[in-house]
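K.L.:
no letters, just coordinates:
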């Protein structure tokens, strides 16, 4: 053995060398070899111990700050920014010593050092995650979590996947700086394996218990996290032992997508089945309508929601874009999502129409439907994501808003308008009676409308003004004509008893009081005597 042997680094080398020279004169060669091998093994063990101690001390000196890690969780890992996300895991001046010891043990095929390295680095990773508040309870505990606890668990699951991806960038550099090229990828895989395995188990458990239809967003978050983590993890973990874990992570992504699609379908069915009998007293937007539109807007906030929920809708093909009639998969998925949303909104509006029959006042039921259909149509028109429903869908629902508005108008105002168009009889006495009856009926109707509809609501300003404009256009002119026609006809000695409202009074009621959700005050309906002077 020459003095340039790498084992000369070890403290026991001198005793081993002297022993070898002493035993060359021994006749029991086998005993000499055994003794020499024991010293050799002891030297390796001491080298391994020194290696582990130095690695532990160095790791402690360069512990990854929790604040730094949490600040990098929103950064998308790409080939161009990997260097910016790498930190020193041991002091740089310690690396030559660690590399020299690793070289000695690797040449001797001393494998316990590899086990010690992976155990030490696994422990450090766990400590960093704990200090960052990202440690997860075991997967078996997921089924026992309350809904709010489960939400926090899924959030931490996604953050831990991101954190692990960032941390492994530095782990890869450390392994490459210490270990031979033939061993570094394998050891990095071993360091990452238990953490990724635990995340896979937890992910599958979450999918199993995440059954509430309106909680599809947690699964979309998980899918987005996996989509972001798979490319960098595939670049980091190149050892053959990692292929299975990466394949399992890709399968989890498919399972999550399938579960999210099922929850979307279940949500649409739950909307159709909603049996709540509570109706807004003022005919405003139903809570179910607001909930569904909020759900859809949030859903479409996910960039790849269509591909996640309907990514399996693409017809079988060989993927040849030059093939005649070829439709890209993302286009097919987007069209399928549009169809799914249109179906959901149809189920919503059908359910609302059934609910509207619970109103005793048919005009209020029509106003309720007009408000809700308009809110749906306006939400679709003003949301870039919901624009996938198309122009034809929008036009149909604009027509539906007009139809319900016309139904309200027919039930509330057409009886008054028809009342004012009645032809007078030829008999003067009957004319007087007709006028008394007509004014009495008109006054009663106006007061009833004021009493009820001052408490009704049209929340959209433009729609409210449009409805009021139609009422005034159809009512005020016939009323003005009716007043003028019989202005000089003495049908009663007390005209103020019958002619209570000037045209301006009716216009004021329509403009200032209807659909404003006001508390009614009958005093406003008392027409002062001087107002009659304005009737011409």
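P.N.:
That came through, no problem. These numbers come from a predicted model, not from an experiment.
K.L.:
pull out the buried positions in the helix or strand containing residue 102.
P.N.:
Here residue 102, judged by DSSP states H and E, is contained in helix 95-107. For helix 95-107, the neighbour count (16 or more other Cβ atoms under 10 Å) marks 97, 98, 101, 102, 104, 105, 106 as buried. To be clear about C-beta, it is placed using only N, CA and C from the backbone, and glycine gets the same treatment.
K.L.:
these two touch, right, the second one and residue 91?
P.N.:
No: assessed by Cβ atoms under 8 Å, residue 98 is found out of contact with residue 91, at 10.2 Å.
K.L.:
how many residues are close by residue 125?
P.N.:
Using other Cβ atoms under 10 Å as the criterion, residue 125 is surrounded by 20 other residues.
K.L.:
next one: residue 507
P.N.:
Close neighbours of residue 507, defined as other Cβ under 10 Å, add up to 17.
K.L.:
repeat for residue 112
P.N.:
Neighbour number of residue 112 under other Cβ under 10 Å is 13.
K.L.:
need the contact list for it.
P.N.:
Shown in contact with residue 112 (Cβ atoms under 8 Å, 6 or more residues apart in numbering): residue 48.
K.L.:
can we see that at 10 Å?
P.N.:
Listed by Cβ atoms under 10 Å, 6 or more residues apart in numbering, the contact set of residue 112 reads 44, 45, 48, 51, 52, 105.
K.L.:
what's the first helix or strand after the helix holding residue 102?
P.N.:
Sequence-wise, the next helix or strand downstream of helix 95-107 (DSSP H and E) is helix 112-131.
K.L.:
what residues sit buried inside that following helix?
P.N.:
Using 16+ other Cβ under 10 Å as the test for burial, helix 112-131 gives 113-114, 116-118, 120-122, 124-125, 127-129.
K.L.:
report the two of the residues you listed separated the most.
P.N.:
The distance between the two most remote of these (Cβ to Cβ) is 24.9 Å, for 113 and 129.
K.L.:
how near is residue 287 to residue 393?
P.N.:
Computed with Cβ to Cβ, to the nearest Å, the distance linking residue 287 and residue 393 is 24 Å.
K.L.:
follow-up on the earlier one: the helix holding residue 102: how far from the chain's middle?
P.N.:
Here helix 95-107 is found 49 Å from its chain centre; the criterion is Cα atoms, centre = their mean, to the nearest Å.
K.L.:
pLDDT value on the most centrally placed residue in the chain, please?
P.N.:
When Cα atoms, centre = their mean is applied to the chain, the residue found nearest the centroid is residue 217 (4.1 Å). At residue 217 the predicted local confidence, pLDDT, stands at 91.
K.L.:
hmm, residue 300 and it touching each other?
P.N.:
No: at 11.4 Å, residue 217 does not count as touching residue 300 under the criterion of Cβ atoms under 10 Å.
K.L.:
and residue 393, what is it in contact with?
P.N.:
Listed by Cβ under 10 Å, 6+ apart, the contact partners of residue 393 are 338, 341, 342, 345, 346, 377, 380, 381, 386, 387.
K.L.:
so it is in which element?
P.N.:
Here residue 393, judged by DSSP H and E, is contained in helix 391-412.
K.L.:
which residues touch residue 56?
P.N.:
Taking Cβ under 10 Å, 6+ apart, we find residue 56 in contact with 90, 116, 120, 123, 124.
K.L.:
now distance to residue 207 and pLDDT too, for the residues you listed, in JSON lines please.
P.N.:
JSON lines is the format used below for those (distance: Cβ to Cβ, whole Å; pLDDT from 0 to 100):
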{"residue": "90", "distance to residue 207": "38", "pLDDT": "94"}
{"residue": "116", "distance to residue 207": "36", "pLDDT": "93"}
{"residue": "120", "distance to residue 207": "33", "pLDDT": "94"}
{"residue": "123", "distance to residue 207": "29", "pLDDT": "94"}
{"residue": "124", "distance to residue 207": "30", "pLDDT": "94"}
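K.L.:
about what we covered before: for residue 98 and residue 91, list the residues in contact with both.
P.N.:
With contacts taken as Cβ under 10 Å, 6+ apart, the residues that reach both residue 98 and residue 91 are residue 58.
K.L.:
residues of stretch 285-292 that come out buried?
P.N.:
285, 286, 288, 289, 292.
K.L.:
correct me, but the second one touches residue 278?
P.N.:
Okay, so that is residue 286. Yes: using Cβ under 10 Å, residue 286 is in contact with residue 278, at 8.9 Å.
K.L.:
okay, and the common contacts of those two?
P.N.:
Both residue 286 and residue 278 are in contact with residue 355, where contact means Cβ under 10 Å, 6+ apart.
K.L.:
and residue 257, how far from residue 231?
P.N.:
Following Cβ to Cβ, the distance that separates residue 257 from residue 231 is 17 Å.
K.L.:
list the contacts of residue 220.
P.N.:
Counting by Cβ under 10 Å, 6+ apart, residue 220 touches 256-257, 260, 263-264, 298-299, 301-302, 304-305, 308-309.
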